[in-house]
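Novice: can you look at this prediction? I've put the sequence above it.
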Amino acid sequence: MKVVKTIYLVTHGEKTNDPNPGMTEEGKEQVRRLLPKIQKFMPEGPVETHCGTGKRQKEVVECLDYSFANTKVSDIWGGPSTLVKTDGGKTILLADGTLVQWINFKTSEHIGGDVIQTAIRNLPHNSIICSGRPVLVRLGLRPEDCQSGALYALHVMEDNSIQIELLVSGVNLSDGGAGARV
């Protein structure tokens, strides 16, 4: 089956433990090291740049030296909340500091599947999404199979399916996807 277009996804690197976390200096370096690889796939640069609404998604744009002023921003590409581990297990830390049990956090369900696939299909060829692992989870991957500080290709196929290809490895978190412990 033929690839109709490719959208690139850069997942943010290691993050801080704050509500609406940014990336650590190491996390920023994880993203910066991807730029030469991205330039090989898109020598002219991305046609469009997209990112989520959280601090770490914006920092991905900045680490890649793209203009945030020209970036299209949407919650579909991630928000300021973050997955953390507590004594109670996996929890979501909201931007205001509130903890929500993983089982009660429904964003992946609500904007996963057809919603995110349609958004990706509607992006122009050679666009780039600056986000994180939740985009991959919304596309059906398990959190533990997704990498941070990595470059993925999202290939839109003739039949409108989306094939995910890991182009440049990043960090695979061993704790099942929870980045911070609170």
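Specialist: Happy to help now that I have it.
Novice: what about this protein, any weak spots by pLDDT?
Specialist: Scanning the chain for pLDDT under 70 picks out 173-182.
Novice: quick one: the strands in it?
Specialist: Here the chain has its strands, by DSSP state E, at 3-11, 49-51, 72-73, 82-86, 89-93, 99-101, 128-131, 151-157, 162-168, 180-181.
Novice: which one of the ones you listed is the most hemmed in?
Specialist: strand 128-131 (a mean of 28; mean count of other C-beta atoms under 10 Å). C-beta here means a position set from N, CA and C on the backbone, and glycine is covered the same way.
Novice: surely residue 95 is in contact with residue 56?
Specialist: No - counting by C-beta atoms under 8 Å, residue 95 sits too far from residue 56 to count as a contact (11.7 Å).
Novice: more neighbours, these two?
Specialist: A count of neighbours by other C-beta atoms under 10 Å puts residue 56 above the other of residue 95 and residue 56, at 30 against 16.
Novice: ok, now how distant is the residue nearest in space to the middle of the chain from residue 43?
Specialist: In the chain, the residue lying closest to the centroid (C-alpha atoms, centre = their mean) is residue 132, at 2.1 Å. Distance of residue 132 to residue 43, computed by C-beta to C-beta, to the nearest Å: 26 Å.
Novice: what's opposite residue 130 in the beta bridge?
Specialist: Taking DSSP bridges, one finds residue 10, residue 51 as the beta-bridge partners of residue 130.
Novice: so what's it up against?
Specialist: 10, 12, 49-52, 57-58, 60-61, 64, 66, 71, 77 (C-beta atoms under 8 Å, 6 or more residues apart in numbering).
Novice: swap in 7 Å and give it another go.
Specialist: Taking C-beta atoms under 7 Å, 6 or more residues apart in numbering, we find residue 130 in contact with 10, 49-51, 57, 60-61, 64.
Novice: quick one: closest of the strands of the chain to residue 37.
Specialist: Distance to residue 37, taken as C-beta to C-beta, is lowest for strand 162-168 among the strands of the chain, at 4.9 Å.
Novice: wait, residue 52 sits on residue 77?
Specialist: Yes - between residue 52 and residue 77 there is a contact at 3.9 Å, judged by C-beta atoms under 7 Å.
Novice: identify the contacts common to the two.
Specialist: Here residue 52 and residue 77 have residue 131 as joint contacts, going by C-beta under 7 Å, 6+ apart.
Novice: now the strands of the chain as JSON lines including distance to residue 39?
Specialist: JSON lines is the format used below for the strands of the chain (distance: least, C-beta to C-beta, whole Å):
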{"stretch": "strand 3-11", "distance to residue 39": "11"}
{"stretch": "strand 49-51", "distance to residue 39": "14"}
{"stretch": "strand 72-73", "distance to residue 39": "21"}
{"stretch": "strand 82-86", "distance to residue 39": "29"}
{"stretch": "strand 89-93", "distance to residue 39": "34"}
{"stretch": "strand 99-101", "distance to residue 39": "39"}
{"stretch": "strand 128-131", "distance to residue 39": "11"}
{"stretch": "strand 151-157", "distance to residue 39": "11"}
{"stretch": "strand 162-168", "distance to residue 39": "12"}
{"stretch": "strand 180-181", "distance to residue 39": "31"}
